[in-house]
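Trainee: Here is a sequence together with a model predicted from it:
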Amino acid sequence: MRRIEISGKAQFAILSYIAKYRSYYRDLYTNTGIFSEKDIVRQFEKNAREREVELFSLIRDRLSPETILGRSTENTLFMEWRSKILMFRWYDEWDDVRVVSEILIR
């Protein structure tokens, strides 16, 4: 198993996705007149936190083994997650460290 480090650029991609997710649902369900809009917004905030934790865990789980399974070529892995396609690009540094340099969420 390799230790996974996530570059600032890759972390920014995840945090940007989470911020956009939060913003979209906060804007969609604010001032709607729905009786339970605060509960709905709170639930989407909770979902956003769960997605963030899930993404970081997914990266570590999928990229830490010596052999990476899935559609991977030239240090790039494509995989489905929820209704999205994820692309992870990494490079190996030393014998036990794998650095995630780029993440795309489509």
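Mentor: Yep, that arrived.
Trainee: Partner strands of the lowest-mean-pLDDT helix or strand in the chain, with direction?
Mentor: None of the helices or strands of the chain scores lower by mean pLDDT, DSSP states H and E than strand 71-73, at a mean of 80. Sheet pairing here is set by DSSP bridges, and for strand 71-73 it gives strand 76-81 (antiparallel).
Trainee: What helices and strands are in contact with the very next helix or strand once past the partner strand?
Mentor: As assigned by DSSP states H and E, the chain's next helix or strand after strand 76-81 is strand 84-93. Here strand 84-93 touches helix 37-63, strand 76-81, strand 97-105, going by 3 or more Cβ pairs under 8 Å, 6 or more residues apart in numbering; DSSP states H and E. C-betas here are computed from N, CA, C, even on glycine.
Trainee: Pull out the buried positions in the least confident helix or strand of the chain.
Mentor: residue 72 (16 or more other Cβ atoms under 10 Å).
Trainee: if we can go back for a sec, any idea which of the helices and strands packed on strand 84-93 is most buried?
Mentor: Most buried of the helices and strands packed on strand 84-93, by mean neighbour count (mean count of other Cβ atoms under 10 Å): strand 97-105, with a mean of 18.
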